[in-house]
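>>> Below are the sequence and a predicted model for it; my questions follow.
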Amino acid sequence: MTRFWWVRHGPTHEKSFVGWRDVAADLSDKALISRVNAALPAGALVVSSDLIRARDTATAIAGGRTRLPDDPNLKEFDFGDWDGLHFSAVAKRDPDLSRRFWEDPGDLAPPNGESWNAVATRVGRAVDRLIAAHPGRDIIAVAHIGVIMTQIQRAGSTAYQAMGHQIENFSITDLAFDGTTWTVGRINHLP
C-alpha cells in the first residue's frame with residue numbers, strides 16, 4: 001500500500017488567479033506548521049511542486065524526513081492569460097469560457113493555459129512515477145488545490161465532484177493505492 005499525504009501549500013494572500021506565477025507562501029503560523037508536521041507519518045518521504053510556495057511549505061513541514069527533489073509536474077494549473085487576474089476580471093473577459101471551465105471541467109482551458117484533463121494527466125504520471133520508485137511508502141506531497149483535486153477525482157469521483165471539495169491551506173488529504181484501487185481517507189483535514 002502506497003499512501004499519499006497531500007498537503008496544500010501555505011497561503012499566498014493573493015486575490016487573483018495564481019497558477020504558475022511563483023508567489024511566496026506565508027509561513028508565519030509556526031504552531032499550525034508544527035501541528036501539520038506532527039499529523040504526518042514520521043518515516044514518510046517528502047516531495048513538492050517546484051513553485052516556491054509549495055517548496056517552502058514542504059521544507060517547513062518536513063522535519064527530519066527524507067526530501068525528494070521538487071517535481072515540476074506537481075505544479076498548479078497553468079491558468080495562462082488568466083494568471084494574475086481577479087476572478088471578476090476573468091469573468092468579464094471570458095464570460096462563457098470562465099463559467100464552463102468550472103462547471104464542466106475536462107478539455108476546456110483558459111487562453112494559453114491548461115485544461116483539467118491535461119493537469120490530471122500530468123499529475124497522474126508524476127504520481128505513478130513516485131509509486132514505481134517508492135512502492136509501499138508513505139509520501140507527503142506538498143502541492144496546490146487543483147493538483148490535489150485531480151487526485152481526489154482519480155480516487156473515484158468526477159472532476160466536478162472533486163472541484164466541490166474545500167482544500168484549505170496546510171490541510172491534509174490522504175489517498176491510498178493498493179496496486180489496483182485508490183481509496184480516499186480524509187479530505188481537507190486541518191490538525
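That came through, no problem. Numbers count the residues shown, from 1 in each chain.
>>> Surely P110 and W82 touch.
Yes - P110 lies in contact with W82 (C-beta atoms under 8 Å); the separation is 4.4 Å. (Glycine included, C-beta is placed from N, CA and C.)
>>> anything in contact with each of the two?
90, 94, 98 (C-beta atoms under 8 Å, 6 or more residues apart in numbering).
>>> Looking at those, which is nearest N117?
S98 (17.5 Å; C-beta to C-beta).
>>> Test my guess that that closest one contacts S88.
No - contact status for S98 versus S88: not in contact, 9.9 Å apart, counting by C-beta under 8 Å.
>>> picking up where we left off before, inside helices: which ones of the shared contacts of P110 and W82?
Among these, the members found in helices (DSSP state H) are 90, 98.
>>> Now the buried members of the shared contacts of P110 and W82.
By neighbour count, with 16 or more other C-beta atoms under 10 Å, the shared contacts of P110 and W82 hold 90, 94, 98 as buried.
>>> and of these, the nearest to E168?
Nearest to E168 among these: V90, at 22.4 Å, using C-beta to C-beta.
>>> What pLDDT is listed against the closest one?
Here, the pLDDT recorded for V90 equals 97.
>>> What ranges in this structure fall below the confidence cut-off?
Regions of the chain meeting the criterion pLDDT under 70 are absent.
>>> what ranges do the helices span in it?
So, for the chain - with DSSP H - the helices run 30-39, 52-61, 87-93, 95-103, 116-133, 145-154, 159-163.
>>> who's W182 bridged to?
Here W182 sits in beta bridges with F177, going by DSSP bridges.
>>> Contact partners for it?
So W182 contacts 154-156, 175-176 (C-beta under 8 Å, 6+ apart).
>>> same check, this time on L40
5, 7, 61, 65, 140, 172.
>>> and it, what are its phi and psi?
When read as degrees, to the nearest 10, the backbone of L40 gives phi -100, psi 150.
>>> Can you tell me how far it is from G164?
From L40 over to G164 the distance is 25 Å, taken as C-beta to C-beta, to the nearest Å.
>>> before we move on, back to that, can you put the contacts of L40 in JSON lines and add neighbour count and distance to A133?
As requested, the contacts of L40 are exported to JSON lines (neighbours: other C-beta atoms under 10 Å; distance: C-beta to C-beta, whole Å):
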{"residue": "W5", "neighbour count": "25", "distance to A133": "17"}
{"residue": "V7", "neighbour count": "29", "distance to A133": "20"}
{"residue": "I61", "neighbour count": "28", "distance to A133": "21"}
{"residue": "R65", "neighbour count": "18", "distance to A133": "16"}
{"residue": "I140", "neighbour count": "27", "distance to A133": "15"}
{"residue": "I172", "neighbour count": "23", "distance to A133": "22"}
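>>> among these, which two are most distant?
The largest distance within the contacts of L40, taken as C-beta to C-beta, falls between R65 and I172 and amounts to 14.3 Å.
>>> returning to what we had before: would a markdown table of the buried ones among the shared contacts of P110 and W82 with distance to R122 be doable?
Listed next are the buried ones among the shared contacts of P110 and W82 as a markdown table, based on distance: C-beta to C-beta, whole Å:
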| residue | distance to R122 |
| --- | --- |
| V90 | 22 |
| D94 | 23 |
| S98 | 22 |
